[in-house]
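Peer 1: Would you be able to build a 3D model of this:
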Amino acid sequence: KHLRGDANYAWPGAEIAVMGAKGAVEIIFRGKDVEKNTAEYTARFANPLVAAQRGYIDNVIEPSTTRSVICDDLRLLRSKKMDTIPRKHSNIPL
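Peer 2: Numbering: from 1, shown residues only. The predicted structure follows:
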């Protein structure tokens, strides 16, 4: 969403996070009860439902419906016109 994507979807097993759950748990909890805390962290933060609730993705879709959902979106966006704002300064070659 933040990079101007028109449609953002995730499969139910997707992990949407900056780093893996195990690595995050090892940093946050300093290596204590890693297995237990990893499961809790994954359930609370590293799943697509949380990302959908926060508006980072549009919908959680099943892998079997991916093709039809993407085709529908491409049909909808076929005539999209995108206005770009002219830049004040150009990007000079270095």
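Peer 1: element containing I92, please.
Peer 2: Counting by DSSP states H and E, no helix or strand carries I92.
Peer 1: any idea how far it lies from F45?
Peer 2: 41 Å (Cβ to Cβ, to the nearest Å). Using the backbone N, CA and C atoms, a C-beta is placed for each residue, glycine as well.
Peer 1: Which of the two has more residues huddled nearby?
Peer 2: Taking neighbours as other Cβ atoms under 10 Å, I92 and F45 compare with F45 leading, 14 against 5.
Peer 1: okay but that one is in contact with V18, surely?
Peer 2: No: if you go by Cβ atoms under 8 Å, F45 and V18 don't touch, sitting 10.4 Å apart.
Peer 1: residue ranges of the helices in this protein, please?
Peer 2: Assigned by DSSP state H, the helices in the chain fall at 21-28, 34-44, 48-53, 66-77.
Peer 1: so where is this protein shaky, pLDDT-wise?
Peer 2: In the predicted model, the chain carries pLDDT under 70 at residues 1, 94.
Peer 1: hmm, back to that, generate JSON lines for the helices of the chain, with distance to A7 and mean neighbour count as supplementary columns.
Peer 2: Formatted as JSON lines, those follow (distance: least, Cβ to Cβ, whole Å; neighbours: other Cβ atoms under 10 Å):
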{"stretch": "helix 21-28", "distance to A7": "26", "mean neighbour count": "16"}
{"stretch": "helix 34-44", "distance to A7": "25", "mean neighbour count": "14"}
{"stretch": "helix 48-53", "distance to A7": "13", "mean neighbour count": "16"}
{"stretch": "helix 66-77", "distance to A7": "5", "mean neighbour count": "11"}
